[in-house]
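>>> fold the stuff below for me.
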Amino acid sequence: MAEILHREFVYLWYYFTVQLDQIFPYWVLGMVLGSAISVFAKGTIHALFGKLQTKKLGVLGVILASALGIASPLCMYGTIPLAASFSKFGMKDDLLAAFMMSSILLNPQLIIYSAALGGGALAVRIISCFLCGIAAGLLVRFFYKEKTFFNFSGFSGPTNRDTDPNILVRFFKNLGRNVKATGLYFLFGILLSALFQRYVPTEVMTGLFGGNEAFGVLMAATIGVPLYACGGGTIPLLQQWLMDGMSMGSAAAFMITGPATKITNLGALKIVLGAKRFLLYIAFTMLFAFLTGIIVNLAF
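Predicted coordinates:
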C-alpha cells in the first residue's frame, strides 16, 4: 500500500512540476504587469472612461467603454464603487454596462495568464470578452433607454490603497496583495490539472468538450458556473483540457461564464441589479457564451 501511494505521489508531483514550469512565468509576468498598471496607469484609464460622459459618441462610446473595462486592473469589488461614482456624476447606464461587463471578464493580468494557452485561445478570449462588453452596453442602451438599469445606492467611490509616497514601495505593496490574492488559487489550479492528467482519461474530456458539437459548448458554459474561482487558477485546467481534446469553442464558453458567474461577482451584481435584472444578466451571459462557443468552433 505504501509503495502504491508513493508511486502515485511521484506521478502527481511530476505532472504538477511540469505544469508549474509551463505556467509560472506567465503568472509572474501577469502579477508584475497587473501591479504596474494598477499603480502607474489606473488613474489615466479611469480618467479616460470618465471623459466618455462628456462626449456624444453614441455606439462608439459603448465600444470605447468596453475596451477601457478590459484595460482596467480592478476586480468587480473595485469596479462597482468606481461605476457608482461615475453614475453619481451622470455617466449613462449603457457605458457603465459595457465597462463593467468587460471588466468582469478580463483584465491585463488575466491576458498575460491566458497567453499560456496559445495565441489562438488568447485572441479568442480578448475578442469575445470585448464583444460581450459591447453587447451588454448596446442591450442596456436600446432596452433601458428611458429606464434606470443600475441601483448604486449605498455605494461610495472606490478606496485607493496605493498611497505610499515612495513609488517603488507602492508598487511592491500592490504586488504583494496580488500574490496573496491569487497565489493559492494558482497552485490549486495546477494541482487540479495534475489530478486530471493522472486520473481522467483523455477520451472522457474529448467526449464532453471535444469536437464541434453544441453539447460540448453547453457543458463547458455550464461547468464554468460552479468551477470558476480565480482567473489564474483556471488557466492550468484549460491548458490541460485543450491538450486533452477540448474544442476552442468550449474553452471560449468557459472563459465567459466562469468569471461572469464567479460567486463573489454575483453577490455584488445582485445588489446593484436587483432580482429581475440579475436574472437577465445570467441569461445574457449563458446565451452569449453558448453562441460564442458555436461561432468559434465553426471558425476553428
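>>> alpha carbons only for contacts and neighbour counts from here, please
OK.
>>> look up how far Y11 lies from the residue nearest the centre of the chain.
Nearest to the mean C-alpha position of the chain, counting by CA atoms, centre = their mean, stands L105 at 3.2 Å. Separation of L105 from Y11 (CA to CA, to the nearest Å): 34 Å.
>>> ok, now which ones touch R125?
Residues in contact with R125 (CA atoms under 8 Å, 6 or more residues apart in numbering) are 252, 255.
>>> V59 versus that one, what's the distance?
Counting by CA to CA - R125 and V59 are separated by 22 Å.
>>> which secondary structure elements does the top helix by length along the chain contact?
Longest helix in the chain by number of residues (criterion: DSSP state H): helix 2-40. The contact analysis (3 or more CA pairs under 8 Å, 6 or more residues apart in numbering; DSSP states H and E) places helix 2-40 against helix 108-114, helix 167-199, helix 231-243.
>>> in the following helix or strand past it, what counts as buried?
Downstream of helix 2-40, the next assigned helix or strand under DSSP states H and E is helix 42-51. For helix 42-51, the neighbour count (16 or more other CA atoms under 10 Å) marks 42, 45-46, 49-50 as buried.
>>> which pair in those residues spans the largest distance?
Farthest apart among the buried residues of helix 42-51 by CA to CA are K42 and G50. That separation is 12.3 Å.
>>> what's the neighbour count on W27?
26 (other CA atoms under 10 Å).
>>> so for it, what's the pLDDT?
At W27, the model reports a pLDDT of 87.
>>> right, and it touches I112 too?
Yes: W27 lies in contact with I112 (CA atoms under 8 Å); the separation is 7.4 Å.
>>> show me what contacts G137?
Shown in contact with G137 (CA under 8 Å, 6+ apart): 62, 93-99.
>>> what residues sit buried inside the helix or strand harbouring it?
Using DSSP H and E, G137 sits in helix 119-143. For helix 119-143, the buried set under the neighbour-count rule, 16+ other CA under 10 Å, comprises 121-122, 124-126, 128-138, 140-141.
>>> worst-scoring helix or strand of the protein, pLDDT-wise?
For the chain, counting by mean pLDDT, DSSP states H and E, helix 202-209 ranks last in confidence among helices and strands (a mean of 70).
>>> check which element follows that helix along the chain.
Once the chain leaves helix 202-209, the next helix or strand it forms, by DSSP H and E, is helix 214-227.
>>> before we move on, back to that, neighbour count for the contacts of G137 - can I get that in TSV?
What follows is these, written out as TSV (neighbours: other CA atoms under 10 Å):
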residue	neighbour count
V62	27
D93	22
D94	29
L95	32
L96	28
A97	27
A98	32
F99	30
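>>> tell me which of those fall in helices.
Judged by DSSP H, the contacts of G137 include 62, 93-99 as members of helices.
>>> from these, pick the one nearest L291.
Comparing these against L291 with CA to CA places A98 closest, at 18.6 Å.
>>> my guess is that closest one meets I134, correct?
Yes: here A98 reaches I134: they are 5.4 Å apart, a contact under CA under 8 Å.
>>> still on that earlier bit, show me which of the buried residues of helix 42-51 is closest to N151.
Closest approach to N151 among these (CA to CA): G50, at 18.7 Å.
>>> please consider this matter closed, and thank you.
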